[in-house]
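Trainee: have a look at this prediction, sequence included:
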Amino acid sequence: MSRKSSVGQESESVERIPLLSARNLERIYRLGGQTIHALKPLNMDIHRGDFIAIAGPSGSGKSTLLQLLGLIDSPTSGEVRVRSQAAQGLGREQRASLRLNSLGFVFQAFNLLHMLTARQNVEIALALAGCPRRKRRARASQLLESVGLGKRLDHRPLQLSGGERQRVAIARALANDPEVILADEPTGNLDSQTGLEIVRVLEDLNRAGQTIVMVTHNLEIAKRAGRLFLMRDGGMREVDPEDPTALD
């Protein structure tokens with residue numbers, strides 16, 4: 001076998017490894033004498049370039065799943081793997097480093113610091129990764145321009161609309177060039193038109209190669225994703241988003 005052929009096969013093998021995966025992932029909460037199965041054992045693979053929607057009613061387990069995939073919470077059993085590395089065997093600092101460098105987060109409530117400008121909110125993520133001040137200022141400006149906020153760099157969150165705040169949050173999530181963006185109800189605090197605009201931003205990012213996992217209760221938005229998972233009572237199944245009967 002030639003060296004060129006061997007290298008090509010190794011590259012293909014790496015590409016087949018999921019960026020993020022769940023194996024027999026389960027989450028149980030115990031409240032007094034009550035046991036709540038928030039997440040029943042499930043398996044899931046997230047590959048480079050995926051745009052995944054996880055949909056379901058409140059209490060179905062979708063946000064619990066996203067917190068586990070994001071290494072924010074720990075499972076009762078099973079494991080989350082970032083590429084081929086099991087996160088459950090890592091210490092707190094190692095898990096924090098994986099979150100910072102491999103995952104980007106977008107939240108329903110934006111989670112911006114109101115005393116800082118849009119650019120400074122994006123710069124925080126870069127500062128945590130050790131990026132020099134001049135470089136992070138330029139990077140933050142570029143990211144905000146890429147999401148349509150080039151003229152809002154020095155505005156504080158309370159001077160921005162809801163849609164603009166979410167765009168700042170998306171720019172912040174992109175700051176450290178994450179392999180996967182995890183978006184938890186990114187349109188939940190927005191009106192339908194503004195929510196659709198935010199989904200289009202995510203679609204544009206996905207077309208440019210960004211891997212995205214989005215939790216939503218809005219089935220119309222969920223069907224725009226390339227892969228769709230439906231959750232109910234802690235269980236999950238994958239359906240075809242283009243199948244009109246899949247949501248029945």
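Mentor: Now that the structure is in, tell me what you want to look at.
Trainee: so what sits opposite the residue positioned nearest the centre of the chain in the bridge?
Mentor: Per C-alpha atoms, centre = their mean, the C-alpha nearest to the average position across the chain is that of Leu182, at 0.7 Å. Note on Leu182: beta-bridge partners by DSSP bridges are Phe105, Val213.
Trainee: wait, it sits on Arg99?
Mentor: No - judged on C-beta atoms under 8 Å, Leu182 makes no contact with Arg99 at a distance of 9.7 Å. C-betas here are computed from N, CA, C, even on glycine.
Trainee: okay, now Leu228: neighbour count?
Mentor: Residues within reach of Leu228, counting by other C-beta atoms under 10 Å, total 23.
Trainee: so the nearest residue to it once chain neighbours are set aside: helix, strand or coil?
Mentor: Using C-beta to C-beta, 6 or more residues apart in numbering and skipping the chain neighbours, the partner closest in space to Leu228 is Pro241 (4.0 Å). Secondary structure state of Pro241, per DSSP: H, G, I helix; E, B strand; the rest coil, is coil.
Trainee: how many neighbours does Pro241 have?
Mentor: What Pro241 shows, counting by other C-beta under 10 Å, is a neighbour count of 19.
Trainee: let me see the contact set for it.
Mentor: Ala53, Ala222, Lys223, Arg224, Ala225, Gly226, Arg227, Leu228 (C-beta atoms under 8 Å, 6 or more residues apart in numbering).
Trainee: and with 7 Å instead?
Mentor: Residues near Pro241 by C-beta atoms under 7 Å, 6 or more residues apart in numbering: Lys223, Ala225, Leu228.
Trainee: same question, His37
Mentor: By C-beta under 7 Å, 6+ apart, the neighbours of His37 are Ile28, Gly234.
Trainee: looking at the residue nearest to Leu228 now. What's its pLDDT?
Mentor: At Pro241, the pLDDT value in this model is 86.
Trainee: cool, Ala86 as well?
Mentor: Per the predicted model, pLDDT is 88 at Ala86.
Trainee: how about Ser97?
Mentor: 89.
Trainee: now swap in Ile124 and tell me
Mentor: For Ile124, the pLDDT comes out at 94.
Trainee: and for Asn101?
Mentor: 88.
Trainee: from Val215, how far off is it?
Mentor: 22 Å (C-beta to C-beta, to the nearest Å).
Trainee: circling back to that earlier point, any idea how far the residue nearest to Leu228 lies from Leu71?
Mentor: 27 Å.
Trainee: what does Asp191 give?
Mentor: 32 Å.
Trainee: quick one: which of these two has more around it?
Mentor: More crowded of Asp191 and Leu71, by other C-beta under 10 Å: Leu71, with 21 against 11.
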